[in-house]
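Q: I need the structure of the sequence given here:
(chains A, B, C and D)
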Protein chains: 2
Amino acid sequence: MKRQRMNDQGGTVTIHDVARHAGVSSMTVSRVINKNVNVREPLREKVMASIKALKYTMNMAARSTRAGMGGVRIGVLYSHPSASYLNEIMLGGLDQAARLGAQLLLEKCGGLQSQKNAVNRLVEAGVDGVILPPPLCDSAPTVQMLTRVGIPVLALATARPLPEVSAVRIDDFQGALALTRHLIKLGHKRIGFIKGNPTHTPTEVRYEGFLKGLSEAGIALDEALVVQGQFTYKSGLETGRELLDRKDPPTAIFASNDDMAAGVMAVAHGLKISIPEQLSVCGFDDTPVASTIWPQLTTVHQPIVAMGRSSVSTIFERIKELKSGEPSRPAHQLMKFTLMDRDSTGPAPE
Amino acid sequence: MKRQRMNDQGGTVTIHDVARHAGVSSMTVSRVINKNVNVREPLREKVMASIKALKYTMNMAARSTRAGMGGVRIGVLYSHPSASYLNEIMLGGLDQAARLGAQLLLEKCGGLQSQKNAVNRLVEAGVDGVILPPPLCDSAPTVQMLTRVGIPVLALATARPLPEVSAVRIDDFQGALALTRHLIKLGHKRIGFIKGNPTHTPTEVRYEGFLKGLSEAGIALDEALVVQGQFTYKSGLETGRELLDRKDPPTAIFASNDDMAAGVMAVAHGLKISIPEQLSVCGFDDTPVASTIWPQLTTVHQPIVAMGRSSVSTIFERIKELKSGEPSRPAHQLMKFTLMDRDSTGPAPE
DNA sequence: CTGAAAGCGCTTACAG
DNA sequence: CTGAAAGCGCTTACAG
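A: Numbering: from 1, shown residues only, chains lettered A, B, ... in the order given. This next block holds a predicted model:
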C-alpha cells in the first residue's frame, strides 16, 4: 500500500533501520547499496540480509538531494518516429530513469522552426541531457543547437554515429545483409528493395547491406526493382503497387522498415497475391506492427526496449561526469540485432 | 546549461538565495512558492520578483524528502493500446509528472496471467497509483487486483466509468452521434458500420451513438451493413473487404476507430475505389495515423495529450489525499471532443 | 575498511 | 502573518 515497507514505528524503512538491524553504521549500508568496494564480505552479507528482511528500498529523492545529482532531467525529443518504436524506447527508458532517480521529459516537434521551439522548451525546463530517437538522431541542426548550449546529446539508433555525439545503435549494415542472405537462401533471385527516407542515415546503410548480400551471392542488381520509399505506410502502399504492377514482379520484396512492409502487404492483399506462397515480404525494426499484421512479418529485431534503457543510463553517466567536472567523452554502444524469421517469407515460387 | 541557474558562488539557486535577495526568511519564500495564503501581498510580490530575477526553480527532489510526498510513483499499465495513442498519453503525462515531481513507470502486459505479473511488478516497484489506458481501463480483474492492495486506479478513456474508480474520458456517445450526423448531412443513407472489440466499453457506446444518429434522421438500420471488427488494422482490412465486396456496397463507412478506418482505406485503394468521391470513410480517436494516411481521415479528436496530463494530476491528488488521511473520493472528469472534418468524407455519390 | 559529523534544499511544527 | 529551529533520508568529506 505504501511504497516502502513499514518499520516498527510505522514509518518508512530507512538506511538507518537497516543499519540498526545489521548492527553496523548507516554509512556501511550506504556503501553496500552503492556497490562500493570498500566493504568486507561478512559485513556486506549481513547488510544484504537485513535489507531483505526489512524489505528496504531506497528513497531516490533523498539520495538526489545530497548527491548533487539532484533530479537529473533527461529530455526525449522526437519528431515523426514510428509511434510504437517510441513506446518501446519509453518502456525501457522510464524503467531505467526510475532506477536512477531521473526524470524523463517527452517533447514533440515537427519542422525546423518547431525543432528550435522544442529545444528551447527543453532548455527552459532545465534538462541536463537529451536523447534523440530516429529520425531526429540524424538532424545536424538539432544536435548543434543542443551542443552549443552545452547539453550532451545521445543519438538513438542512428546508422552513422558521429564521434562527438554519444550513440546507442545496432549495426544496420549487418542486419540488412542477414535479411538479404535469408531471402537468397530461400531461392529468391528477383528481389525488390524499397529504400527509406533519404534523409535518415539507416536508409543508405541498409541498402548497402542489401547490395552486399546480392553481390556475395553473385546476383546482379536489377535497378528497376529498387524503388524510393519514405519509411511511411503510405509510401509502402505506393511503391508496393509500383513493384507488383510490373509484368515481371519480384518474388520477394525487402522493405527498409516494417511500416512500408505493412503497406506492401496491404497492396498484395488487395491484389489477392498470397503471402508467402506467391510473394515474400520482409521489413526491418520489428516494431509491434510486425507481429500484429497477418501473416506475421519476417524482419530484423532491434532490441528497442534495451536500447531505451541503455540510452538513459549512458547519457546519465555522461551528465554525472560533466557535472562533477570529470573528464568525459561521448560513449558509443552497439547492441545486437536478431533476425526474426516469421511467416511473410517462404521459398521462391517456381 | 545547468538546470538551475547559478548564484554568486556558482552553486544552484536555492530558496535561501531567493530569501536573501528579497530580504525575507526562507519560510516566506517556501510559502509563496506553495501558494500558501498566509503571506501579505507586498511580501509576496517582493519574493516573486526575486524568483524571477534569480531564475529560481524548485528542486523537486528536495521537496519530496521532507514533504512526505516523497517521490510519488505512478504506474501506467498498458496491454494492446494503439501505439500512438499511448505516446500522446505519455506526452501529457510526463509533462505533468515533471511539474508535480512524480515518477511515471510504464509497464506492458498481455493476457490475464501477464496482467497479474505486471501488477505485481508495479506493486514491487512501489507505485502509489496506477493509470489504465484503454483497453485495460475496462479490465475488471486488473482494477480489482490493484484496488484490493489499496492502490488507487484511474481509468483513462473508458466509455462506461465506474463510480468507485476515477476516470478521465470523453463522451463517446456524443462523438459517434456527431460523426453520424456529419455523414447524413453529406447525403449518405447507406452507411456501413464497423464495430470495435466487444470487450472494450467504447464499442457499444459508439454504436449506440451511430444508431441514434440514424434514427433521429429517420433512416432504417440495415443490419447487413453492421460488421464486427476488433479495433485492429487487420480487422479493418477484413471487414472493409466484406463491406466493399457486396453487390450493393455502402457509400460511407464509419469505422469505430482510426486503425480500422486505415484498413478500410487500404482495401479501397487495392480495389481502386476513390475516396471520398466513391466512398466516404471516417474513424474515431484522431490518432496520428489519421493525419498520416492519404487522404486524411475525418474522425473524432480525443484530446489525448490533455487527458494524459489530467490523468496524472487527478490520480496525484487522490494519492496525496490518501497518504495524508484526508477523505478522498474517486474523481471523474469529462473532456471535450472535436469533430475533425478532413478529406476522407465527401458528398454521397448519385 | 568502518564510522561520527555535517549538509543537500526543502518543509513541518513550534514560537512569536 | 512571519521566522528560527529541527529534520526528511541519504551522501560527501573527514577521521581513525
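Q: Work out for me the element residue A:204 sits within.
A: helix A:201-216 (DSSP states H and E).
Q: what ranges do the helices span in chain A?
A: A:15-22, A:26-33, A:41-54, A:60-67, A:83-100, A:112-125, A:140-148, A:172-185, A:201-216, A:233-244, A:258-270, A:289-292, A:304-323 (DSSP state H).
Q: pull the CA atoms of the first one into CSV?
A: Read it as helix A:15-22. What follows is helix A:15-22, C-alpha atoms only, in CSV (Å, rounded to 0.1, in the frame of the first residue of the first chain):
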residue,chain,number,x,y,z
ILE,A,15,19.0,3.2,5.7
HIS,A,16,19.2,3.6,9.5
ASP,A,17,16.7,0.9,10.2
VAL,A,18,18.8,-1.4,8.1
ALA,A,19,22.0,-0.3,9.9
ARG,A,20,20.5,-1.0,13.3
HIS,A,21,19.1,-4.3,12.2
ALA,A,22,22.5,-5.3,10.9
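Q: tell me the angle of that helix relative to helix A:60-67?
A: With axes from the mean of the first three to the mean of the last three CA atoms, to 10 degrees as the basis, helix A:15-22 and helix A:60-67 are set at 100 degrees to each other.
Q: hmm, who's touching helix A:15-22?
A: Residues from elsewhere that reach helix A:15-22 (CB atoms under 8 Å, 6 or more residues apart in numbering or on different chains): A:7, A:25-26, A:28-30, A:33, A:43, A:46-47, A:49-51, A:53-54, A:56, A:58. Any C-beta I mention is one placed from the backbone N, CA and C, and that applies to glycine too.
Q: Any of these buried? List them.
A: Among those, those buried by neighbour count (16 or more other CB atoms under 10 Å in any protein chain shown) are A:7, A:28-30, A:33, A:43, A:46-47, A:50-51, A:54, A:56, A:58.
Q: what's the most distant pair in the residues you listed?
A: A:7 and A:43 (21.2 Å; CB to CB).
Q: quick check, stretch A:75-86 touching chain B?
A: Yes: on the criterion CB under 8 Å from any CB of the partner chain, stretch A:75-86 is in touch with chain B at A:83-84, A:86.
Q: Compute the first-to-last residue distance for that stretch.
A: End-to-end distance for stretch A:75-86, by CA to CA, to the nearest Å: 13 Å.
Q: Please indicate which of the residues of stretch A:75-86 next to chain B has the highest neighbour count?
A: Tallying neighbours with other CB atoms under 10 Å in any protein chain shown puts residue A:86 at the head of the residues of stretch A:75-86 next to chain B, with 27 neighbours.
Q: Let me see the contact set for that one.
A: For residue A:86, counting by CB under 8 Å, 6+ apart, the contacting residues are A:78, A:133, B:83, B:87.
Q: and of those residues, the nearest to residue B:214?
A: residue B:83 (32.3 Å).
Q: Just the pLDDT for the spatially closest residue to that closest one that is not a sequence neighbour.
A: Spatial nearest neighbour of residue B:83, chain neighbours left out: residue A:84 (3.7 Å); criterion: CB to CB, 6 or more residues apart in numbering or on different chains. With respect to pLDDT, residue A:84 scores 75.
Q: For residue A:84, give me its contacts.
A: With contact taken as CB under 8 Å, 6+ apart, residue A:84 is in contact with A:287-289, B:83-84.
Q: By proximity to DNA strand D, which residue of the stretch 151-300 of chain A wins?
A: residue A:152 (19.5 Å; CB to the nearest atom of the strand).
Q: Out of the contacts of residue A:84, which is nearest to DNA strand C?
A: residue B:84 (36.2 Å).
Q: Beta-bridge partners for the closest residue to residue A:125 other than its chain neighbours, please?
A: With CB to CB, 6+ apart as the criterion, residue A:125 has its nearest non-adjacent residue at 5.8 Å, and that residue is residue A:105. Assessed by DSSP bridges, residue A:105 has beta-bridge partners residue A:75.
Q: hang on, residue A:105 packs against residue A:72?
A: No: assessed by CB atoms under 8 Å, residue A:105 is found out of contact with residue A:72, at 11.0 Å.
Q: quick revisit: now list the buried members of the contacts of residue A:86.
A: Buried among those (16+ other CB under 10 Å): A:78, A:133, B:83, B:87.
Q: Can you check the pLDDT for the second one?
A: Translated: residue A:133. pLDDT for residue A:133: 95.
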